[in-house]
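> Sequence and predicted model, in that order:
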Amino acid sequence: MSDAAHLPGFGPDEVVIAAPASPLFRVEVTRSKKRRKTVGAHLVGGVLRIALPSWMSKTEEAHWVREMSNRFRRKMSAERLQLVERASTMARRYDLRRPTSIRWSDDMQSRWGSCTPSSGTVRLSTRLAAFPDWVVDYVIVHELAHLDVAAHSDEFWRLVYRYPKTERAIGYLIAKSGDGDDVD
Ligand SMILES: [Zn+2]
């Protein structure tokens, strides 16, 4: 049983750890007496919930947090690496330029997306992968529009607002942003 389970306010079924483990999702560990052997993990709204039997040691817990985080990270990148297809769909649907390449990027700390109009390439922050598809689609549309119009001008926003969930997605990203996070 974890030490935290003995602290006031922490029952065995409550969250004892909430640590950032990856840019894709947060990890929360719960311990349960009802759970005997199996380790459970499911991803809900950007949080990977890992459920462990209450007898597990801290070392085993660390192992399973690592293991499950890696498993879900691989799963998410595999599932969501259809960025090329999504970008094609967005380009076709909203009559925007198709990128020459589009890929996830781990090293975008303060931006959700970026593009290089001269080469037609687009990068999206992997932090977006945990967000709903319609938010990712907005960032794609934003970057595709930049392939034609570099500045955040009226002309640019006219292109972006062809995507009907633009307003909502901007609100969503503002809510998720730390200071200075932006779609460039
Ligand atoms: Zn922009």
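Sure thing, it's come through.

> Show me the domain layout of this protein.
3-78, 83-177 (automatic domain parsing).

> measure the residue nearest in space to the middle of the chain to A62 for me?
Among the residues of the chain, the one closest to the centroid is A130, at 2.4 Å (Cα atoms, centre = their mean). Distance of A130 to A62, given as Cβ to Cβ, to the nearest Å: 22 Å. Placement of C-beta: from N, CA and C, glycine included.

> Equivalent analysis for V122, please.
Taking Cβ to Cβ, one finds V122 at 37 Å from A62.

> same thing with R49?
From R49 to A62 the distance is 17 Å (Cβ to Cβ).

> So those two - more neighbours on which side?
R49 (18 against 12; other Cβ atoms under 10 Å).

> which residue packs closest to that one, ignoring adjacent ones?
E28 (5.3 Å; Cβ to Cβ, 6 or more residues apart in numbering).

> Quick check: bridge partners of the one you found?
A18, R49 (DSSP bridges).

> Quick one: neighbours of it, just the number.
18.

> now do the one 4 residues further on
The criterion is other Cβ under 10 Å. On that basis, S32 has 15 neighbouring residues.

> hang on, isn't it packed against W55?
No. Counting by Cβ atoms under 8 Å, S32 stays clear of W55, with 10.5 Å between them.

> one step back: tell me the pLDDT at the residue nearest to R49?
E28 is assigned a pLDDT of 92 by the prediction.
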